[in-house]
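Participant: predicted structure and sequence below. I'll ask about it afterward.
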Amino acid sequence: MTTAATLVSKSEFFLCLARAFATPQAPESLALLREALPDDLAELALDCGYDIDEPLLDYRAAIAEIPNRDRLLVIYSRLFLVPGDRHPSLNTGTYLDGTVAGSSVTAMETCYRRCGLERNATVQELPDHLSIQLEFIARLLAAESQACLTEAAPPPLAAGAFLTTFVAHWVGPFHADLDEAGRRFKLADNPYRHLARILKRAVRTEVASNPIEAPPAPVIDPEIARLRTQFAGKPITEADLAIIRSRLAADGLPCDHVVIPVEERDRIMGLSTMVPPTAPSHRMVSSG
C-alpha cells in the first residue's frame, strides 16, 4: 500500500471514531455501531498497522449486549451528559487544564485557524470536544495524502503534531475515566470504554512511529484539581457573580459580560464555535 493510501485509511479510521462518540440520536445509530463500525475499524486498522484486535473483540461483545437504541442513549447520557455528577468528559481539555475552556482549548482553536477552519454557529460543542479533534485529525491526514499524490503543499500542521501535543495526553485519562465510570454507574454493557481503548492504541502507535517533540502536558496543582471537581456542575449564584465582577474591576478588566446570562452570551456578544470542515467519508478512493 502506498503512503498516500495509508494516510487515507488513517484519516478514515479517526473519522469513524469521531462519529462513534457522537450522541446516538439517529434511529439507525445502534445498527451502525453494532454492524458497520466494527468491520470498518478492523479493515482500516489492518491498513494502518494498528493492533486493536483485543479491544475490538471486547467492543463487539459489549455492543451486541445492547438491545435497542433507548438503552444505548441511557448509557451515553449517563456517561457524558448527566449534569452534576463527576463523569468522563468529551471536552477533553479538562484532562489537560483541570477545567472547562482552559488554555489548551485556546491552543486547539489556534491550530484550527492555522488550517483554515470556519466558524459554525449551529454547532454547540467547544473546540476541545473529542469528535471535533478527531475530525480535525482526519482532515489533516486526508490533506497529507493529497499532498503525497500531487504537488500541493501539505497542511500547515501535521496530524502527528496535533496528536502528540494534545490527544496523546488526554486519551489515557479519558479511557481510565470511562472504565471507572462504567463500574460506578453499573453499566456492564458500556461499549464506549472499548472504543476509548481502541483510540488509545491507535494514538500510541502513531506517536511511537512518528516521534515529534511537543510541550509536556500542563501540570495541575492537586488542590486546584480537587476544588474544580468538588464544584463542577454547581450553579453560579448572584453572590458568585458579584465577586467575579468586583475582582475583574479591581484588576482594571472589563466585567460587563458577567451580567449577561451564560445561555445568551454567545448570541449577544456575537460568538460562535469553531468546527472543522467536512472530513472525508468512508471509504475514500486513492490513486497511486
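Facilitator: Alright, I've got the coordinates. Numbers count the residues shown, from 1 in each chain.
Participant: any weak-confidence spans in this structure?
Facilitator: For the chain, the stretches flagged by pLDDT under 70 are 1-2, 84-85, 119, 121-123, 212-235, 258, 261-288.
Participant: ok, longest helix in it?
Facilitator: Ranked by residue count, the top helix of the chain under DSSP state H comes out as helix 130-149.
Participant: OK, contacts around residue 171?
Facilitator: 196, 199, 200, 203 (C-beta atoms under 8 Å, 6 or more residues apart in numbering). Every C-beta, even on glycine, is put in place using the N, C-alpha and C of the backbone.
Participant: Three-state assignment for it, please.
Facilitator: Residue 171 falls in the helix class when you classify it by DSSP: H, G, I helix; E, B strand; the rest coil.
Participant: which stretches of this protein form helices?
Facilitator: Here the chain has its helices, by DSSP H, at 3-20, 29-31, 37-48, 53-64, 69-76, 93-97, 103-114, 130-149, 159-162, 168-184, 192-209, 222-231, 238-250, 262-269.
Participant: ok, which of those comes nearest residue 124?
Facilitator: helix 262-269 (9.1 Å; C-beta to C-beta).
Participant: quick check: closest non-adjacent residue to residue 141.
Facilitator: residue 11 (3.8 Å; C-beta to C-beta, 6 or more residues apart in numbering).
Participant: state the distance from that neighbour to residue 210.
Facilitator: 15 Å (C-beta to C-beta, to the nearest Å).
Participant: same question, residue 148
Facilitator: Where residue 210 is concerned, residue 148 sits at a distance of 15 Å (C-beta to C-beta).
Participant: what about these two, which has more around it?
Facilitator: Neighbour tally, residue 148 and residue 210, criterion other C-beta atoms under 10 Å: the higher count belongs to residue 148, 18 against 13.
Participant: on that earlier part again, for the contacts of residue 171, which one is nearest residue 244?
Facilitator: Distances from residue 244 to those, taken by C-beta to C-beta, are shortest for residue 196, at 34.9 Å.
Participant: tell me how many other residues crowd that closest one.
Facilitator: 24.
Participant: how about residue 107?
Facilitator: 17.
Participant: mind listing what it touches?
Facilitator: Contacts of residue 107 (C-beta under 8 Å, 6+ apart): 165, 166.
Participant: cool, and residue 81?
Facilitator: Residue 81 touches residue 23, counting by C-beta under 8 Å, 6+ apart.
Participant: use 14 as the first number for this chain going forward.
Facilitator: Got it, first residue is 14 now, which makes that one residue 94.
Participant: what's the end-to-end length of stretch 63-82?
Facilitator: 29 Å (C-alpha to C-alpha, to the nearest Å).
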